[in-house]
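# Next one to model:
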Amino acid sequence: MAKLQNVFSWSHSAATDFELCRRKRYWSKYGAWGGWERDASRECKTAYRLNKMDNRFSLQGVAVEDSVMWMLRQHQQGNQTTEEQAFETVARRILRQGWDQSTQKTWLQNPKSCCLHEHYYPRFHTQSERDMMFQVADNVKRCLKTFREEILPRLAHVTPQMEIPIQLVGKGDPEHFVFEGVKIYAIPDYVYVEDGRWHILDWKSGAAKPEHAAQIGMYGLWAHVKHGIPPENVALSLEYLQSGDSVEVPLTAFDLEQARERLRDSVQDMSQYLVGADISKNTPLDREEWDPCYDPDLCSRCPFYELCAPELAGLFSEDFPA
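Sure thing, here's the model as predicted:
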């Protein structure tokens with residue numbers, strides 16, 4: 001079997017990590033690469049394991065996304081469901097499995113098992129485990145109630161034949177397109193076509209953030225580049241399931257050009273941390289060239305804190321406990 005190659009790629013989350021902390025991007029893309037190999041270094045294996053880490057809010061997001069799709073599929077089959085049924089049938093299993101795997105530390109044997117930041121770094125979380133569990137469950141139930149009351153009626157007429165299949169993470173090579181020779185990962189939550197117009201929806205189980213508009217705008221570029229859809233035939237909407245807000249994001253030819261420029265600038269910036277700035281070889285500079293962000297708040301929420309802790313503690317002993 002041919003050896004896997006670490007190919008240069010871009011995604012919204014990767015670009016965000018790079019902007020916030022160069023070192024985090026190093027660990028996730030390069031320091032963790034090959035950590036599944038038996039002869040990998042201890043540091044590499046640790047980075048690979050930490051790169052799989054979630055937190056309670058990302059676990060919450062998975063539970064919500066799977067649950068709303070279950071509700072939609074049930075509706076398409078003519079079955080009326082409630083948010084309580086969706087929670088008990090889908091969400092509870094996901095939350096319980098993730099929580100149990102994390103507390104039982106099954107990730108020690110299988111790095112792909114759920115490992116939550118709240119359990120791995122308990123000193124950075126003051127809320128009790130019971131309160132965290134109830135908070136997540138309440139958030140999920142609120143999201144499912146919003147979906148049933150506000151969003152499902154708008155999608156009541158959508159059939160599976162109108163939907164555009166999306167390749168998800170963990171099920172083969174995730175959804176992407178190629179832009180100027182670079183693989184760009186873009187994974188919208190839900191896409192359907194009606195009267196030639198592409199409707200791209202992104203579920204959000206948390207609070208609104210300014211970068212969400214840029215993220216879904218990239219999905220508009222995905223539709224344009226990969227499928228040839230002109231911007232006037234694309235409707236983008238952010239669905240905030242806790243608050244019930246639905247935010248339409250405009251897409252014009254100018255917006256597409258801005259997205260292209262953002263990609264070019266981001267790829268150019270990332271390439272400066274590669275040997276010879278050569279993305280075709282994708283060989284990283286030495287780890288020390290990828291500066292940590294040195295921000296106590298960001299570092300305390302980062303899965304790679306363990307690997308950076310000795311260096312951080314030497315600079316900010318009060319803010320960064322060893």
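
# Show me what the longest helix belonging to the chain is packed against.
Longest helix in the chain, counting residues (DSSP state H): helix 56-76. For helix 56-76, the packing partners by 3 or more C-beta pairs under 8 Å, 6 or more residues apart in numbering; DSSP states H and E come out as helix 83-86, helix 92-103, helix 129-146, strand 197-204. From N, CA and C alone the C-beta is placed, and that goes for glycine too.

# repeat that with 10 Å
Other elements packing on helix 56-76 under the criterion 3 or more C-beta pairs under 10 Å, 6 or more residues apart in numbering; DSSP states H and E are helix 83-86, helix 92-103, helix 117-120, helix 129-146, strand 190-194, strand 197-204.

# Adding mean pLDDT, write the ones you listed out as CSV.
CSV is the format used below for the helices and strands packed on helix 56-76 (pLDDT from 0 to 100):
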stretch, mean pLDDT
helix 83-86, 98
helix 92-103, 97
helix 117-120, 97
helix 129-146, 96
strand 190-194, 98
strand 197-204, 97
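
# Turn these into JSON lines, including mean neighbour count and distance to V275.
Listed next are the helices and strands packed on helix 56-76 as JSON lines, based on neighbours: other C-beta atoms under 10 Å; distance: least, C-beta to C-beta, whole Å:
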{"stretch": "helix 83-86", "mean neighbour count": "19", "distance to V275": "49"}
{"stretch": "helix 92-103", "mean neighbour count": "17", "distance to V275": "37"}
{"stretch": "helix 117-120", "mean neighbour count": "21", "distance to V275": "32"}
{"stretch": "helix 129-146", "mean neighbour count": "18", "distance to V275": "43"}
{"stretch": "strand 190-194", "mean neighbour count": "18", "distance to V275": "38"}
{"stretch": "strand 197-204", "mean neighbour count": "20", "distance to V275": "36"}
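
# export these to TSV and tack on distance to S11?
Converted to TSV, those look like this (distance: least, C-beta to C-beta, whole Å):
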stretch	distance to S11
helix 83-86	29
helix 92-103	23
helix 117-120	20
helix 129-146	24
strand 190-194	17
strand 197-204	14
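
# Of those, which is nearest F18?
Among the helices and strands packed on helix 56-76, the nearest to F18 by C-beta to C-beta is helix 117-120 (20.0 Å).

# Give me the contacts around the closest one.
Contacts to helix 117-120, defined as C-beta atoms under 10 Å, 6 or more residues apart in numbering, come from residues 49-50, 53-59, 99, 101-105, 107, 124-125, 127, 129, 132-133, 300-303, 305-306.

# so how far is it off the chain centroid?
Relative to the mean C-alpha coordinate of its chain, helix 117-120 is positioned 18 Å out (C-alpha atoms, centre = their mean, to the nearest Å).

# likewise stretch 177-184?
Relative to the chain's own centre, stretch 177-184 is displaced by 19 Å; criterion: C-alpha atoms, centre = their mean.

# buried ones in that stretch?
Of the residues in stretch 177-184, F177, F179, V182, I184 count as buried by neighbour count, 16 or more other C-beta atoms under 10 Å.

# again, but for stretch 289-305
Buried, per 16+ other C-beta under 10 Å, within stretch 289-305: W290, P292, C293, Y294, C299, S300, C302, P303, F304, Y305.

# Residue ranges in this structure under the pLDDT threshold?
1-2, 171, 314-322 (pLDDT under 70).

# got the residue ranges for the helices in it?
With DSSP H as the criterion, the chain has helices spanning 12-20, 22-26, 42-51, 56-76, 83-86, 92-103, 117-120, 129-146, 211-227, 253-271, 296-300, 305-315.

# would a markdown table of the ones you listed with distance to S205 be doable?
Below are the helices of the chain laid out as a markdown table (distance: least, C-beta to C-beta, whole Å):
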| stretch | distance to S205 |
| --- | --- |
| helix 12-20 | 16 |
| helix 22-26 | 23 |
| helix 42-51 | 22 |
| helix 56-76 | 4 |
| helix 83-86 | 13 |
| helix 92-103 | 12 |
| helix 117-120 | 17 |
| helix 129-146 | 5 |
| helix 211-227 | 12 |
| helix 253-271 | 24 |
| helix 296-300 | 21 |
| helix 305-315 | 24 |
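
# the domain parsing of the protein - what is it?
Domains of the chain are assigned by automatic domain parsing as 52-155, 160-251.

# Nearest to W10 among those domains would be which one?
Of all the domains of the chain, domain 160-251 sits nearest to W10, with 5.1 Å by C-beta to C-beta.

# and that closest one, how far apart are its ends?
End-to-end span of domain 160-251 (C-alpha to C-alpha, to the nearest Å): 25 Å.

# Then stretch 3-15?
By C-alpha to C-alpha, the extent of stretch 3-15 from end to end equals 26 Å.

# Out of the buried residues of stretch 289-305, which comes closest to H227?
Closest to H227, out of all of those and judged by C-beta to C-beta, is P303, at 34.2 Å.

# Alright, that wraps it up for me.
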